[in-house]
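>>> model this:
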Amino acid sequence: MILHHGSPTISIVLPAHNEARHLPSTITVLSRYLEGLVEQYEILVVDDGSTDGTHLTLVEDNRVTLIRHPLRLGKGAALRTGITESAGIYVAYTDADLPVEPSSIGLAFQIVTENNATLAIGDRRHPGSIVIGNATRSRRVTSRIFNMFTRAVLLPEVRDTQCCMKMALGTSLRSIVRNVSTDGYSFDAELIYLAKKAGMTIAACPVVWRDIRAKLGPVESLLLLLRMMNDAWRVASRNGRVA
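You can find the predicted model right below:
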C-alpha cells in the first residue's frame, strides 16, 4: 500500500440532489463501517443544487466535508467536484441513498490495494452479486439497452458501467477525472473508458445492491436513455472504442 502522511486512507464521495431524507442514515452507516476498516477516512458530500435543505441535515463532523453547487449541474459534475477535492489515498464513490452495502466498498478496497493500477467497478451482473428489489419495467429496459449500446460503441468487455460504486488509487482517479467531460449519468462510462485508455485494469467487483432507483415512467425513461446514449456516442466518436 502507498502511504501518504496525514492523508485519509479512504475518501468516499457522495453526490446528492434532494437527499435530505437519506443522507443522515447514509453518513451514519458509512462512518460506522469505515471506522472498522481503516484508521482515517473522509466523506465528501457534494450537494448538487438541492432545494430540500440537504445541506442542513449534516451534523458537525471533521471527517465529513460538504461542498455545494448553487445550481444543479448533474451527477457527473458533482462526482468530478468531489473526486477533485478528495484527499484520500484511495477514493470511492457511491450514491447518497446508499444502494450498495458498505461491505461491497470493503471488497473494492481489497481489490485496489492488491493492485494500485486497478479501477474496481461494482458489477450487478457479476455471479457473486446479490440484487434486492426490482426497478420499473421501463427502467430495466432502459438499463439493458444502454448497456448493449455502450458495449457496442465504447466498452465491449464491461458488463455494467452504471452500478454506482467505483474505487481506485486517489492519484489515478483525480488525474483521470479532470478529463471526464460528461456532467450527467454517463459519467461512469466515460470514466471507465478513460481509465482503460490510461492503462488501468478494470476489475468487476460483486456487490450487494438494493434496487431503489427513482421510478420513471416510459417517457422519462426514454428521454434519459437518449441523453445517456448521446453522451456515450460523443465519447466514442471522439476517441474510438477500446478493446
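>>> what comes up buried for the longest helix seen in the chain?
Taking DSSP state H as the criterion, the chain has its longest helix at helix 218-239. Residues of helix 218-239 classed as buried by neighbour count (16 or more other C-beta atoms under 10 Å): 221, 224, 225, 228, 229, 231, 232, 235, 236. To be clear about C-beta, it is placed using only N, CA and C from the backbone, and glycine gets the same treatment.
>>> Stretch 176-196 now?
In stretch 176-196, counting by 16+ other C-beta under 10 Å, buried: 176-177, 180, 182-183, 185-196.
>>> for residue 205, what are its contacts?
104, 107, 108, 111, 120, 121, 122, 123, 126, 165, 167 (C-beta atoms under 8 Å, 6 or more residues apart in numbering).
>>> 6 Å instead?
107, 108, 111, 120, 122 (C-beta atoms under 6 Å, 6 or more residues apart in numbering).
>>> Residue 42: what secondary structure?
strand (DSSP: H, G, I helix; E, B strand; the rest coil).
>>> How about the one 3 residues further on?
Under three-state DSSP, residue 45 falls in the strand class.
>>> What's the local residue count around it?
Neighbour count of residue 45, defined by other C-beta atoms under 10 Å: 26.
>>> what's the answer for residue 198, then?
By other C-beta under 10 Å, 13 other residues sit near residue 198.
>>> helix, strand or coil for the nearest residue to it once chain neighbours are set aside?
The shortest distance from residue 198 to any non-neighbouring residue, by C-beta to C-beta, 6 or more residues apart in numbering, is to residue 176 (6.1 Å). Following three-state DSSP, the label given to residue 176 is helix.
>>> Residue 176 contacts residue 196, correct?
No - taking contacts as C-beta atoms under 6 Å, residue 176 lies outside contact range of residue 196: 10.0 Å.
>>> Which stretches in this protein count as strands?
In the chain, the strands defined using DSSP state E lie at 10-16, 41-48, 64-69, 90-93, 118-122, 130-132, 166-169, 201-205, 208-210.
>>> in terms of contact, does residue 142 touch residue 226 like I think?
No - at 9.8 Å, residue 142 does not count as touching residue 226 under the criterion of C-beta under 6 Å.
>>> give me the low-pLDDT residue ranges for this structure?
In the predicted model, the chain carries pLDDT under 70 at residues 1-5, 135-136, 213-216, 240-243.
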